[in-house]
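1. Have a look; sequence and predicted model below, questions after that.
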Amino acid sequence: MPTDLALTADAVRLGRVAADKADAIDQCGALLVELGSVEPGYVAAMHEREASVPTFVGEGVAIPHGTDAGRALVKETALAVLQFPDGVDWDGPTVYVAIGIAASGEEHLGVLSSLAGVLTDPEKAARLRSAATPDEVIDLLGPGRSG
């Protein structure tokens, strides 16, 4: 399998609203299902992961993903990027961008590396939170990109 994971515009949803953290995770999971990347049961594995290991990573970003057991429900590695301009209470911190991850192997590490680069740069993190187009998100998070 390739180590680079292409992030495409159909996997980016901007201007979303979520009632709470569970709703935001449901929306991430539903998009991964819609993309054909996971079986519907993966959404429950995302909630299980969140209950045991919170996925807030800083700068208004969370990376909900499934449990190790949930990897069996992954058809293909993919990301789902959802932006919540009004924010979502993530049991304390406020999340403005939730990046749902479906991975059965290590293919997502390039994207996480790019995300780490964004999160350590407050200006790039602000651009991610306020992105107006999917292309802006892709430019920031695409593997090997530095924004």
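-> Sure thing, it's come through.

2. Just after the lowest-mean-pLDDT helix or strand in the chain, pick out the following helix or strand.
-> Within the chain, confidence by mean pLDDT, DSSP states H and E is lowest for helix 109-119 among all helices and strands, at a mean of 77. Note on helix 109-119: by DSSP states H and E, the next helix or strand toward the C-terminus is helix 122-129.

3. what angle separates that next one from helix 109-119?
-> 120 degrees (axes from the mean of the first three to the mean of the last three Cα atoms, to 10 degrees).

4. So which residues make contact with helix 122-129?
-> With contacts defined as Cβ atoms under 8 Å, 6 or more residues apart in numbering, helix 122-129 is touched by 59-61, 83, 85, 96-97, 117-119, 136-137, 140-141, 147. From N, CA and C alone the C-beta is placed, and that goes for glycine too.

5. mind redoing it with 7 Å?
-> When contacts are defined by Cβ atoms under 7 Å, 6 or more residues apart in numbering, helix 122-129 is touched by residues 59-60, 96-97, 118-119, 136-137, 140, 147.
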